[in-house]
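Engineer: this one's sequence-less:
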């Protein structure tokens, strides 16, 4: 199903557009037309820094919504399902509050997490991370499987975004631009 565009694209942009559409068709996405409008909106942004920022925000919002709607970590009193299971089995280690927002290296929770509220920064690495427990239960997220990042970002940019934690968007955006 070919969707008619309403904007002029460079060859590279046309390639991103076409590949994204084929990918959405391949995975049997239901809302292809709506998602292609979002792709078109991104392609209208000619300033690459603004385009990356726009896409980054959309990906973060998608991941936030995904985890919230599916209640993936199943927090109760600040403790995720994995850690509650460990407590129930009398395994003392690894039962910190705030789930993966706790840094084992620094021995403290992320400074951007305000107790009782959501994270105060946009960080794809933090948002896309799934622990072994979640992966074992079928939850695994990769930027290559998210249509907005699959063809807009290169592999170096995706690796950096997936593996950088507890850092705010401004710092990440500088590094994404360096890797473009």
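Structural biologist: That came through, no problem. Bear in mind that the values here come from a model prediction, so they are computed numbers and not experimental data. Numbers count the residues shown, from 1 in each chain.

Engineer: CA atoms for contacts and neighbours, from now on please.
Structural biologist: Will do.

Engineer: Distance of residue 60 relative to residue 137?
Structural biologist: According to CA to CA, to the nearest Å, residue 60 stands 22 Å off from residue 137.

Engineer: more crowded one of the two?
Structural biologist: Taking other CA atoms under 10 Å, residue 60 and residue 137 do not tie; residue 60 has more neighbours (19 against 9).

Engineer: average model confidence for the helix or strand hosting the more buried one?
Structural biologist: Using DSSP states H and E, residue 60 maps to helix 48-70. In this model, helix 48-70 carries a mean pLDDT of 96.

Engineer: residues in contact with that helix?
Structural biologist: 42-43, 45, 73, 122-124, 127-128, 146, 148-149, 173, 177 (CA atoms under 8 Å, 6 or more residues apart in numbering).

Engineer: now stretch 141-152
Structural biologist: Contacts for stretch 141-152 (CA under 8 Å, 6+ apart): 16, 19-20, 23-24, 39, 55, 59, 128-130, 158, 162.

Engineer: Report the separation between the two terminal residues of that stretch.
Structural biologist: Across stretch 141-152, first to last residue, CA to CA, it's 17 Å.

Engineer: how about that stretch: buried residues?
Structural biologist: 143, 146, 147, 148, 149, 150, 151, 152 (16 or more other CA atoms under 10 Å).

Engineer: Of the residues you listed, which belong to helices?
Structural biologist: Of those, the ones assigned to helices by DSSP state H are 147, 148, 149, 150.

Engineer: hang on, isn't residue 101 packed against residue 111?
Structural biologist: No - using CA atoms under 8 Å, residue 101 is not in contact with residue 111; the gap is 9.0 Å.

Engineer: Look at these two and report which has more neighbours.
Structural biologist: Taking other CA under 10 Å, residue 101 and residue 111 do not tie; residue 101 has more neighbours (19 against 14).

Engineer: And for residue 65, the neighbour number?
Structural biologist: Residue 65: 12 neighbours (other CA under 10 Å).

Engineer: likewise residue 14?
Structural biologist: 14.

Engineer: Which residues belonging to the helix or strand hosting it are considered buried?
Structural biologist: Assigned by DSSP H and E, residue 14 belongs to helix 11-26. By neighbour count on 16+ other CA under 10 Å, the buried set for helix 11-26 is 13, 16, 17, 20, 21, 23, 24.

Engineer: so how far is residue 165 from the fifth one?
Structural biologist: Computed as CA to CA, the residue 21 to residue 165 distance reads 31 Å.
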